[in-house]
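could you look at this predicted model? Sequence included:
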Amino acid sequence: MIISYCHYSLNDTALLGLLPMLEEKGIGLVNASPLSMGLLSMRNIPEWHPASAELQAICKQAAELCASRGYDIAKLAVQYSTSNHRIPTTLVSSANPDNIRNNAAWTHESDWIIMLK
């Protein structure tokens, strides 16, 4: 079993390259942090965040674009990361009960497909 942080999200799909090997060897997989540790949200990014300034700026622009069109990028990010049936588990953490309820509800909707068309 492995856990991978921030490698299957709207801004990074590197985990897809490992799927064939993991599947072949029967290795379990947990995808963690579909919001890329906050990059794919409207909140401020902490100074310790490992993403480059360029990636932070691009994700902020994407979040603002989504918001201008009436979408929450966090919702789209959760939906995207939980929709791949080859990735059986996605870990989304939050201390906020409303976020936990939203994350659970969002996994059963398909807004991201419409947004990306």
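Yep, it's here.

measure Gly17 to Tyr5 for me?
Gly17 sits at a distance of 16 Å from Tyr5 (criterion: C-beta to C-beta, to the nearest Å). Using the backbone N, CA and C atoms, a C-beta is placed for each residue, glycine as well.

these two: who's more crowded?
Shown here are Gly17 and Tyr5; by other C-beta atoms under 10 Å, Tyr5 has more neighbours (15 against 9).

hey, what's the more buried one bridged with?
The partner list for Tyr5 in beta bridges (DSSP bridges) reads Ala32.

surely it touches Ala32?
Yes. Tyr5 is within contact range of Ala32, at 4.7 Å (criterion: C-beta atoms under 8 Å).

name the nearest residue to the residue nearest in space to the middle of the chain, sequence neighbours excluded.
The centroid of the chain falls nearest to Pro34 when counting by C-alpha atoms, centre = their mean (2.1 Å). Spatial nearest neighbour of Pro34, excluding adjacent residues (C-beta to C-beta, 6 or more residues apart in numbering): Ser81 at 3.3 Å.

got a list of what that neighbour touches?
Going by C-beta atoms under 8 Å, 6 or more residues apart in numbering, Ser81 touches Tyr8, Ser9, Leu10, Asn31, Pro34, Ile87, Thr90.

just put the residues you listed in a markdown table and tack on pLDDT.
Supplementary listing: the contacts of Ser81 in a markdown table, determined by pLDDT from 0 to 100:
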| residue | pLDDT |
| --- | --- |
| Tyr8 | 96 |
| Ser9 | 96 |
| Leu10 | 95 |
| Asn31 | 95 |
| Pro34 | 93 |
| Ile87 | 92 |
| Thr90 | 90 |
